[in-house]
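In: From the sequence below, what's the structure:
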Amino acid sequence: MTAQTMTLTPSAAKRIALIAEKQARPPILRLSVEGGGCSGFQYKFDLAEAPDGEDMVSETDGVQLVVDPMSLELVGGSVVDFVESLGGAAFKVENPNAAAGCGCGSSFGI
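Out: Numbers count the residues shown, from 1 in each chain. Now for the predicted structure:
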């Protein structure tokens, strides 16, 4: 297990708690990375039932963020936020490992 951590902002935690409550699920957000997207890798967000054995787990205001070890190598040290603007509302990953990103913020390159 790597020592890298992730941070979930209070704004993101509040939004995840709201979504999880509406779906009658635990407030656990799984962030993973998949190949694809316009910059090489893309972020994937899902609600999880529970952390897996080797997941990195971070907690903010009672909401957990879980990341598998493979994805953590690409996003370790990141901050997950929830941002609302005129263009809409979305989860945003501030990834210090990303050398490039796309305009929509859903993909990145290393």
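In: only C-alpha atoms for contact and neighbour calcs from this point on.
Out: OK.
In: By mean pLDDT, flag the weakest helix or strand of this protein.
Out: strand 107-109 (a mean of 51; mean pLDDT, DSSP states H and E).
In: pLDDT score for Leu47?
Out: On pLDDT, Leu47 comes in at 96.
In: Please read the previous query as pertaining to Ala89.
Out: Ala89 is assigned 87 on the pLDDT scale.
In: ok, the spatially closest residue to it that is not a sequence neighbour - contacts?
Out: The spatially closest residue to Ala89, leaving aside those adjacent along the chain, is Val83, at 5.6 Å (Cα to Cα, 6 or more residues apart in numbering). With Cα atoms under 8 Å, 6 or more residues apart in numbering as the criterion, the residues that contact Val83 are 11, 89-92.
In: Those in strands, which ones?
Out: If you go by DSSP state E, the contacts of Val83 have 89-92 in strands.
In: For the one residue sitting closest to the centre of the chain, which non-adjacent residue is closest in space?
Out: The chain has Leu31 as the residue nearest its centroid, 3.9 Å off, counting by Cα atoms, centre = their mean. The spatial neighbour of Leu31 that comes closest, neighbours along the chain excluded (Cα to Cα, 6+ apart), is Phe45 at 4.9 Å.
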